[in-house]
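>>> Build me a model:
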Amino acid sequence: MPARRDALMDELISLFLAEGFLSFGIGDLAARLRCSRTTLYAIAPSKEQIIAAAVRAFFRGATEHVEVSLAEESDPVARLRTYLEAISCELAPASPAFFADVDAFAPARDVYRRNTEWAARRVRQLVADLGPQGSGVDPAFAGVVAAQVMLSIQSGELEAQTGVDDATAYHQLASLLVAGVSPARPSTARPGRSA
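Numbering: from 1, shown residues only. Below is the predicted model of the structure:
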């Protein structure tokens with residue numbers, strides 16, 4: 001029954017992304033997904049483990065989709081933008097309720113934190129891959145900056161301070177980092193005139 005389990009997991013993830021997960025009991029989930037409690041317990045033996053499995057599956061799938069997008073791009077600067085924009089796209093369906101529940105539920109928060117740390121390492125590598133094509137921004141510095149911003153996104157601190165949701169924040173981070181690592185273009189302003 002792996003196909004049924006996979007389909008049920010996809011439905012569970014969609015429900016959690018739309019509405020969060022902490023307010024649901026097993027009976028609520030079974031009713032919403034039109035399945036039995038036994039079917040849900042085939043995923044994992046407790047509500048908490050079902051939630052953790054669904055959150056892990058969401059982030060695993062998101063990571064796979066991001067890597068597929070990245071593999072389709074060869075230009076080093078475009079790869080950095082593609083990577084962060086793909087993260088933004090993957091997080092876009094997640095509601096504020098989902099992120100609030102992730103933050104409130106330690107196993108889910110840990111999954112998100114680990115994914116964020118991995119993504120920050122990936123950004124550092126993508127900046128390092130720019131080599132001489134980059135602007136001279138130190139890859140370790142860019143990786144630390146990206147990690148701090150990503151962790152601020154993950155913790156909800158960035159949204160609390162700016163009102164910017166997670167998906168939009170990754171889009172903004174992409175714009176900022178790409179502008180920072182792109183080679184400087186010569187000025188088109190004439191001497192003696194303001195640009």
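
>>> Could you use CA atoms for every contact and neighbour count after this?
Will do.

>>> any idea which helix is longest in the protein?
Identified as the longest helix of the chain according to DSSP state H is helix 47-71.

>>> Show me what that one is packed against.
Applying 3 or more CA pairs under 8 Å, 6 or more residues apart in numbering; DSSP states H and E, we find helix 47-71 packed against helix 2-19, helix 76-91, helix 106-128.

>>> Can you add mean pLDDT, mean neighbour count and distance to residue 175 and give those back as TSV?
Converted to TSV, the helices and strands packed on helix 47-71 look like this (pLDDT from 0 to 100; neighbours: other CA atoms under 10 Å; distance: least, CA to CA, whole Å):
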stretch	mean pLDDT	mean neighbour count	distance to residue 175
helix 2-19	92	16	26
helix 76-91	90	22	7
helix 106-128	89	19	13
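
>>> could you redo these as CSV and give each row distance to residue 35?
Listed next are those as CSV, based on distance: least, CA to CA, whole Å:
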stretch, distance to residue 35
helix 2-19, 9
helix 76-91, 27
helix 106-128, 24
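
>>> Tell me which of these sits nearest to residue 177.
Closest to residue 177 of the helices and strands packed on helix 47-71 is helix 76-91 (CA to CA; 8.0 Å).

>>> Look up the closest residue to the spatially most central residue of the chain, ignoring the ones flanking it.
Among the residues of the chain, the one closest to the centroid is residue 87, at 4.5 Å (CA atoms, centre = their mean). Nearest non-adjacent residue to residue 87, counting by CA to CA, 6 or more residues apart in numbering: residue 66, 6.2 Å away.

>>> for this protein, what helix or strand is lowest in average pLDDT?
Within the chain, confidence by mean pLDDT, DSSP states H and E is lowest for helix 139-155 among all helices and strands, at a mean of 81.

>>> Counting by contacts, list what that helix packs against.
Helix 139-155 sits against helix 106-128, helix 157-162, helix 166-181, with contacts defined as 3+ CA pairs under 8 Å, 6+ apart.

>>> If we go by neighbour counts, what in it is buried?
By 16 or more other CA atoms under 10 Å, the buried positions in helix 139-155 come out as 139, 142-143, 145-147, 149-155.

>>> go on, stretch 45-63?
By 16+ other CA under 10 Å, the buried positions in stretch 45-63 come out as 47-48, 50-59, 62-63.

>>> how about these in CSV, adding pLDDT and distance to residue 80?
Listed next are these as CSV, based on pLDDT from 0 to 100; distance: CA to CA, whole Å:
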residue, pLDDT, distance to residue 80
47, 95, 38
48, 95, 35
50, 96, 34
51, 96, 31
52, 96, 30
53, 96, 29
54, 97, 28
55, 97, 25
56, 97, 24
57, 96, 24
58, 97, 22
59, 96, 19
62, 95, 17
63, 94, 15
